[in-house]
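Participant: return a 3D structure for these sequence lines:
(one chain, ligands or ions: 1)
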Amino acid sequence: MVSAAFLFGIEVDFLISPYKGTFRVSQAYRNLRANGTYHQGYDLVGIGDKSIYCPVYGTVIRAGWECATLPKKGFGQRVVVRIGSTAYYMYFGHLSKINVAVGQKLKPGDLIGVEGSTGHSTGSHLHWEIRINDISTGYVSVHQYAGIPNVAGSTAYTSNWVAELFGPSNLKKSTSGFPQRLYNSVLQGALGIDKDGIFGANTEKTVKEFQSAHGLTADGIAGAKTKVALAKLF
Ligand SMILES: [Zn+2]
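Facilitator: Numbering: from 1, shown residues only. As a prediction, this is how the structure comes out:
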């Protein structure tokens, strides 16, 4: 249910759920807290599976304790990912486990860690935030781009990774415009070719090769079956 967004430029301009299953919002972005400060991120709680997956293409800038001698401080165990080569930095706070290391390149779907309650936290959740220039005064409303309503409560949202990654329609030669370019670029990333978002002859040829190698009809059109096979690459 998470929608893609043109925000970060063609190499990274999409955002998918940090969970692969169901989750709910436990605290909204810009919620005014009892101490008079605003909540600058978005708190999510996984229902069942609490694994956290990378929603973007990026590089791990920090991974570990915010303050190793004060485990109840701040984000506790956190991961910070620079989105592509942009000035946007995505924060994942309060993790119970971290599966990535500084310098590691990530693609959508890579396992970052497991939700937890480390740092300044009273229950297991993910604090998900985007900062511009990696400074604590430049916040971006992550929910606006993630498409998840900014309302805390018990409503369960469910990821649909195949649609989130590749869109609801077939991807085929000469499809263009938003959001097809976006989905084309994700398709190209999965196939390991240049992510220019334009479904041309080379993309069609590569889709056919992928289909042949996976026992699918090699028609060069990324339809439902091809998308499911491609999603397994993430
Ligand atoms: Zn939070």
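
Participant: need the three-state assignment for the closest residue to the ion within the chain.
Facilitator: Closest to the ion within the chain is His127: 3.4 Å, counting by Cβ to the ion. (C-beta placed from N, C-alpha, C; glycine too.) Using DSSP: H, G, I helix; E, B strand; the rest coil, the secondary structure recorded for His127 is strand.

Participant: tell me the secondary structure for the residue positioned nearest the centre of the chain?
Facilitator: Centroid check for the chain by Cα atoms, centre = their mean gives Pro55 as the closest residue, at 1.0 Å. Classification of Pro55 by three-state DSSP places it in coil.

Participant: ok, Phe23 next?
Facilitator: Relying on three-state DSSP, one would call Phe23 strand.

Participant: so it makes contact with Tyr42?
Facilitator: No - here Phe23 lies out of contact with Tyr42, judged by Cβ atoms under 8 Å, at a distance of 10.9 Å.

Participant: quick one on the thing from earlier: identify the bridge partners of the residue of the chain closest to the ion.
Facilitator: Counting by DSSP bridges, His127 is bridged to Asp43, Gly93.

Participant: I figured it was touching Met90, is that so?
Facilitator: No - using Cβ under 8 Å, His127 is not in contact with Met90, being 11.1 Å away.

Participant: which residues of the protein fall in helices?
Facilitator: 142-146, 161-166, 180-191, 201-213, 224-231 (DSSP state H).

Participant: worst average pLDDT in those?
Facilitator: Of all those, mean pLDDT reaches its minimum on helix 142-146 (a mean of 71).

Participant: ok now stretch 227-234, how far from the chain's centre?
Facilitator: 16 Å (Cα atoms, centre = their mean, to the nearest Å).

Participant: so what's the residue count around the residue nearest to Phe210 when sequence neighbours are not counted?
Facilitator: Closest residue in space to Phe210, ignoring its immediate chain neighbours: Leu191 at 6.1 Å, by Cβ to Cβ, 6 or more residues apart in numbering. Leu191: 18 surrounding residues under other Cβ atoms under 10 Å.

Participant: which residues touch Leu191?
Facilitator: 203, 206-207, 210, 230 (Cβ atoms under 8 Å, 6 or more residues apart in numbering).

Participant: so which of the residues you listed wins on neighbours?
Facilitator: Ranked by the number of neighbours (other Cβ under 10 Å), the contacts of Leu191 place Val207 first, at 26 neighbours.

Participant: mind pulling up the pLDDT for the nearest residue to that residue once chain neighbours are set aside?
Facilitator: Excluding the flanking residues, the one nearest Val207 by Cβ to Cβ, 6+ apart is Gly220, at 5.0 Å. Predicted confidence (pLDDT) for Gly220: 97.

Participant: isn't Gly220 up against Glu209?
Facilitator: No - checked against Cβ under 8 Å, the pair Gly220 and Glu209 is beyond contact range at 9.5 Å.

Participant: who has more neighbours, the two?
Facilitator: Gly220 (20 against 13).

Participant: now that one: how far from Lys232?
Facilitator: Distance of Gly220 to Lys232, computed by Cβ to Cβ, to the nearest Å: 19 Å.
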